[in-house]
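[1] one predicted model, sequence on top.
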Amino acid sequence: TIASIGNIVALFGRHPEQLELVRENPELVPAAFAEVLRYWAPVHIWGRTAVREVEIDGATVPAGAQLGILFGAGNRDPRHYENPDTFDVTRNPVDHLSFGYGPHGCAGQGLAKLEAHAIIDALARRVKVLATADEVRVPSNITRSFELLQVLKVVAA
């Protein structure tokens, strides 16, 4: 959740027009969080073991093979998302991969959504201008976290 909160602040700092859209249309709060998760998945990779042999896009994966699920790559798949490299809070990508799926879904996603929706709602209602510096990421192959995210300017709404 902490990585997602930082991503919310950084993305709205980079894309003030998207924060303005949420301010004008508060019903976009859930869609905005889904888009944050799609655009910058808080976890890059998660491991799985193939329980049976399966063919994926012409390649055979043998039973017992170790696999890496690349959430961010799936969330930016142009076969599934139009303009996948554009941050768009009106997209509402409820099928993003960032929380996993089914029995392997994130157990804490309900709480993460409550917290994130509250933060996005508060930003949209209370902040007119949010400016951030370029962020410094924690070097990690697993998570997308910040080492440093400077908020340069906040103007109340």
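    Good, I have the coordinates.

[2] I'd say Lys128 and Ala157 touch.
    Yes. At 4.3 Å, Lys128 counts as touching Ala157 under the criterion of CB atoms under 8 Å. Where you see a C-beta, it was placed from the backbone N, CA and C, and this is true even at glycine.

[3] which residues do the two both contact?
    Arg23 (CB atoms under 8 Å, 6 or more residues apart in numbering).

[4] pLDDT below threshold where in the protein?
    1 (pLDDT under 70).

[5] which elements pack onto the lengthiest helix in it?
    Longest helix of the chain, by residue count under DSSP state H: helix 109-126. Applying 3 or more CB pairs under 8 Å, 6 or more residues apart in numbering; DSSP states H and E, one finds that helix 109-126 contacts helix 2-14, helix 16-24, helix 29-39.

[6] could you measure from Leu111 over to His117?
    Applying CB to CB, to the nearest Å, the value for Leu111 to His117 is 11 Å.

[7] and stretch 146-157, how far out from the chain middle?
    Stretch 146-157 sits 19 Å away from the centroid of its parent chain (CA atoms, centre = their mean, to the nearest Å).

[8] how about that stretch: buried residues?
    Within stretch 146-157, the residues that qualify as buried by neighbour count (16 or more other CB atoms under 10 Å) are 146, 149.
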